[in-house]
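[1] got a structure for you, letters missing:
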Ligand SMILES: Nc1ncnc2c1ncn2[C@@H]1O[C@H](COP(=O)(O)OP(=O)(O)OP(=O)(O)O)[C@@H](O)[C@H]1O
């Protein structure tokens, strides 16, 4: 288990800053997801941690030891980092066993000991009996698991995942999410996971770092990112929900009364916000159609599995509000929205 610390990391490509003075601490044994739109710098960050690339400014330390700064650069093979990338990084023409034993062979482990460890790890990743199969004969999900097995065998102290599930179908993704969680529990390695997929990030990580334009906007537990996003970008990027204009009425210190469409509601807030105008985040699960509430008009309904996603327009608001309903109201109908939870977005 390794504590990873990035301090003031900048990586430029021409005039562009792929990473812009990023500082981030990843505690030993933590599982952190990097979440953010395409091009925000997630892969660049992983490559710097792995040692495939070098920062222009700043320092990366593993357990207090510098592995990269402007002058020094510890090579990837001496960092104890395992990678599970979408491009697999396996030798396709070799069999599964040879791919997995490679890190053992480089450390002088061979023969019966090597065979025992490979059998054990194949069992762990659910590939018992696949040792002699060539990698090119495996499915995408199976290849991911071989890459993971290689990290386990190498006893990687840090494991980096770059969109490992992007090419897999929904069912396999769910299975792999379970496998990753299980491996994290067993290995106790410090894991960093890059994804576009919020549900993966929320399910897997103990912390999520939300990135934009080469910077980290917020790094916190998934529940905090979801319930108390630090700004408009995080609120808009993670989870469903609408950001609305509201008028401050009274309160402070964790909670306030605010008004939307002439209707008063209670909202959570950080200590730093106050009126007279505020922005508020309403998540679908905290909303329902009721006898009294914020007046709105039904714009559309879409069936999403067990519930209908109902899109509602509130006069004077730019974003539509989404509510999940068992029975869909008629488009055009005037309704009222009851609110059980709301978050005032800090500025
Ligand atoms: N080798 C390179 N040469 C030039 N520009 C690069 C290079 N690598 C990355 N970039 C640029 O740096 C920025 C960050 O790229 P990066 O791959 O880290 O983003 P990302 O968040 O991983 O994106 P995605 O989710 O699409 O994979 C992008 O604008 C990209 O075009």
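    That came through fine. Predicted model, so just to flag it, every value in this text is computed and none were measured.
[2] domain ranges for this protein?
    What automatic domain parsing lists as the domains of the chain is 4-232, 240-344.
[3] Next, format these as JSON lines and append distance to the ligand.
    (Glycine included, C-beta is placed from N, CA and C.) Output for these, formatted as JSON lines (distance: least, Cβ to the nearest ligand atom, whole Å):
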{"stretch": "domain 4-232", "distance to the ligand": "3"}
{"stretch": "domain 240-344", "distance to the ligand": "21"}
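[4] And those domains, which one averages the lowest pLDDT?
    Confidence, taken as mean pLDDT, is least for domain 4-232 of those (a mean of 89).
[5] end-to-end on that domain?
    28 Å (Cα to Cα, to the nearest Å).
[6] How far does it sit from its chain's centre?
    Counting by Cα atoms, centre = their mean, to the nearest Å, domain 4-232 is centred 12 Å from the centre of its parent chain.
[7] do stretch 265-278 as well
    Mean C-alpha position of stretch 265-278 versus that of the full chain (Cα atoms, centre = their mean) differs by 27 Å.
[8] Could you list the buried residues of it?
    Within stretch 265-278, the residues scored as buried using 16 or more other Cβ atoms under 10 Å are 265, 267, 269, 273, 275, 278.
[9] again with stretch 244-263
    By neighbour count on 16+ other Cβ under 10 Å, the buried set for stretch 244-263 is 244, 246, 248, 251, 256, 258, 260-261, 263.
[10] JSON lines for the residues you listed, including secondary structure?
    Below are those laid out as JSON lines (DSSP: H, G, I helix; E, B strand; the rest coil):
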{"residue": "244", "secondary structure": "strand"}
{"residue": "246", "secondary structure": "strand"}
{"residue": "248", "secondary structure": "strand"}
{"residue": "251", "secondary structure": "strand"}
{"residue": "256", "secondary structure": "strand"}
{"residue": "258", "secondary structure": "strand"}
{"residue": "260", "secondary structure": "strand"}
{"residue": "261", "secondary structure": "coil"}
{"residue": "263", "secondary structure": "strand"}
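[11] most neighbours per residue, which of the domains of the chain?
    domain 4-232 (a mean of 18; mean count of other Cβ atoms under 10 Å).
[12] Thanks a lot, catch you later.
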